[in-house]
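Chemist: Sequence and predicted structure are below.
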Amino acid sequence: EPEVTQTPSHQVTQMGQEVILRCVPISNHLYFYWYRQILGQKVEFLVSFYNNEISEKSEIFDDQFSVERPDGSNFTLKIRSTKLEDSAMYFCASSGDQAYQNYNEQFFGPGTRLTVL
Amino acid sequence: GQQVMQIPQYQHVQEGEDFTTYCNSSTTLSNIQWYKQRPGGHPVFLIQLVKSGEVKKQKRLTFQFGEAKKNSSLHITATQTTDVGTYFCAGRLRLTGGGNKLTFGTGTQLKVEL
């Protein structure tokens, strides 16, 4: 069964450093998302991406965040200058296959745990 | 901004007891989805409700969408240890032109004891 994959599974970084989190969405999906989940809390929407551009973003997704789909298969989230409060699990998700089956069901990847020291 | 609250925050039940989690949105929703997250895992889609008053069943799980499309519930009959996890509702706002932002609820963590 197709699945969303994410790398790395765990990233440790120093405050102020840049990190890039990588995701490979399900191949025939059209919509891509990033969410974050601080330990023990709810899942928070960051950004959605469609047709090679951001379609929606939350107030969390400020200028230090950016997303890119560099090569038609990968979908990346870059945090330019990490802060302690960026420590969280970051989930990538995709939805909306071209046959429009289960169009709104979002498939989540296993997540990348980001620890900022 | 939009808020989606769930109650209770935690629920401990004995295996075989029923369980219900309630989801309330501060704004009218276009549709609502339910996800389950096992401990240490990622959210997994369970179901989507679209119509006012809609009721859907999946084996022991019953999902309802309120008439005003601002609340929803998930009821599990005769819980099993495999039901352990956190259940999140996730609402999509009724936006002109659509929109794909899901606002997740605060979640209900279910523990099932033998």
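Modeler: Thanks, I have it.

Chemist: list the contacts for the residue nearest the centre of chain A?
Modeler: What sits nearest the mean C-alpha location of chain A, by Cα atoms, centre = their mean, is A:W34, with 2.9 Å. A:W34 makes contact with A:21, A:23, A:46-47, A:67, A:77, A:90-93, according to Cβ atoms under 8 Å, 6 or more residues apart in numbering or on different chains. C-betas here are computed from N, CA, C, even on glycine.

Chemist: Name the residues of chain B found near chain A, please.
Modeler: When proximity is defined as Cβ under 8 Å from any Cβ of the partner chain, chain B approaches chain A at B:1, B:31, B:33, B:35, B:37, B:41-45, B:48, B:88, B:90, B:92, B:99-107.

Chemist: among those, which are in strands?
Modeler: B:31, B:33, B:35, B:37, B:44-45, B:48, B:88, B:90, B:92, B:102-104 (DSSP state E).

Chemist: Save the contacts of A:W34 as a markdown table, and put in secondary structure and neighbour count too.
Modeler: Compiled in a markdown table, the contacts of A:W34 are given as follows (DSSP: H, G, I helix; E, B strand; the rest coil; neighbours: other Cβ atoms under 10 Å in any protein chain shown):
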| residue | secondary structure | neighbour count |
| --- | --- | --- |
| A:L21 | strand | 23 |
| A:C23 | strand | 26 |
| A:L46 | strand | 21 |
| A:V47 | strand | 20 |
| A:V67 | strand | 22 |
| A:L77 | strand | 24 |
| A:Y90 | strand | 22 |
| A:F91 | strand | 26 |
| A:C92 | strand | 28 |
| A:A93 | strand | 27 |
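
Chemist: Now narrow the residues you listed to whatever sits close to chain B.
Modeler: Answer for these near chain B (Cβ under 8 Å from any Cβ): A:F91.

Chemist: Torsion angles phi and psi at A:E85?
Modeler: Dihedral angles of A:E85 (phi, psi; degrees, to the nearest 10) stand at phi -70, psi 0.

Chemist: Could you find the closest non-adjacent residue to it?
Modeler: A:V116 (7.9 Å; Cβ to Cβ, 6 or more residues apart in numbering or on different chains).

Chemist: So what's the residue count around the one you found?
Modeler: Neighbour count of A:V116, defined by other Cβ atoms under 10 Å in any protein chain shown: 19.

Chemist: repeat for B:K56
Modeler: B:K56 has 16 neighbours, counted by other Cβ under 10 Å.

Chemist: Now A:G111. Its backbone dihedrals?
Modeler: Backbone torsions for A:G111, taken as degrees, to the nearest 10, come to phi 100, psi 160.

Chemist: my guess is it meets B:Q37, correct?
Modeler: No. Assessed by Cβ atoms under 8 Å, A:G111 is found out of contact with B:Q37, at 10.2 Å.

Chemist: For those two, indicate the residue with more neighbours.
Modeler: Taking neighbours as other Cβ under 10 Å, A:G111 and B:Q37 compare with A:G111 leading, 24 against 21.

Chemist: contacting residues around the more buried one?
Modeler: By Cβ under 8 Å, 6+ apart, the neighbours of A:G111 are A:6, A:9, A:37, A:89-91, B:42.

Chemist: Can you pick out the most distant pair from these?
Modeler: A:S9 and A:Q37 (14.5 Å; Cβ to Cβ).

Chemist: out of these two, which sits in the busier spot?
Modeler: Comparing A:S9 with A:Q37 by other Cβ under 10 Å, the one with more neighbours is A:Q37, at 21 against 9.
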